[in-house]
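A.B. asks: when you get a sec, could you give me coordinates for this:
(one chain, ligands or ions: 1)
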Amino acid sequence: MAISKELLEILVCPLCKTKVELKPDGSGLKCAQCKRVYPIRDDIPVMLIDEAQIEDDQPQVSSGTAS
Ligand SMILES: [Zn+2]
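C.D. replies: Model (predicted):
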């Protein structure tokens, strides 16, 4: 991925002005505040609310094994 740390430092969510975080797989930039994920196209972060997808990270529900 070609998103530099320096660039990440200045990128904020256009909606809530919170710093975004690069997703572990490098596919997008996630705002921890509103859960929007901004796509990265051709190594260019698309910081548009219209382009973002809300991705709610639900905690993994481990069920069935507890006794
Ligand atoms: Zn946000």
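A.B. asks: so how many other residues sit close to C13?
C.D. replies: Burial of C13 is recorded as 21 neighbouring residues (other CB atoms under 10 Å). C-beta here means a position set from N, CA and C on the backbone, and glycine is covered the same way.
A.B. asks: list the contacts for the closest residue to it other than its chain neighbours?
C.D. replies: Using CB to CB, 6 or more residues apart in numbering and skipping the chain neighbours, the partner closest in space to C13 is C31 (3.7 Å). Contact analysis of C31 by CB atoms under 8 Å, 6 or more residues apart in numbering lists C13, L15, C16, T18, V20, E21, V37, Y38, A52.
A.B. asks: mind running it again at 10 Å?
C.D. replies: Counting by CB atoms under 10 Å, 6 or more residues apart in numbering, C31 touches 11-21, 37-38, 47, 52, 54-55.
A.B. asks: near the ion, which of these show up?
C.D. replies: Contacts with the ion are made by C13, L15, C16 out of those, judged by CB under 5 Å from the ion.
A.B. asks: quick check: which element contains the residue nearest the centre of the chain?
C.D. replies: For the chain, the residue lying nearest the average C-alpha position, counting by CA atoms, centre = their mean, turns out to be K30 (1.2 Å). K30 is part of strand 28-31 when elements are defined by DSSP states H and E.
A.B. asks: and that strand, which strands flank it?
C.D. replies: Strand 28-31 sits in its sheet next to strand 20-22 (antiparallel), strand 36-41 (antiparallel), going by DSSP bridges.
A.B. asks: need the ones you listed in CSV (columns: mean pLDDT and mean neighbour count).
C.D. replies: CSV is the format used below for the strands paired with strand 28-31 (pLDDT from 0 to 100; neighbours: other CB atoms under 10 Å):
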stretch, mean pLDDT, mean neighbour count
strand 20-22, 96, 18
strand 36-41, 96, 18
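A.B. asks: turn the ones you listed into JSON lines, columns for distance to G64.
C.D. replies: JSON lines is the format used below for the strands paired with strand 28-31 (distance: least, CB to CB, whole Å):
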{"stretch": "strand 20-22", "distance to G64": "32"}
{"stretch": "strand 36-41", "distance to G64": "30"}
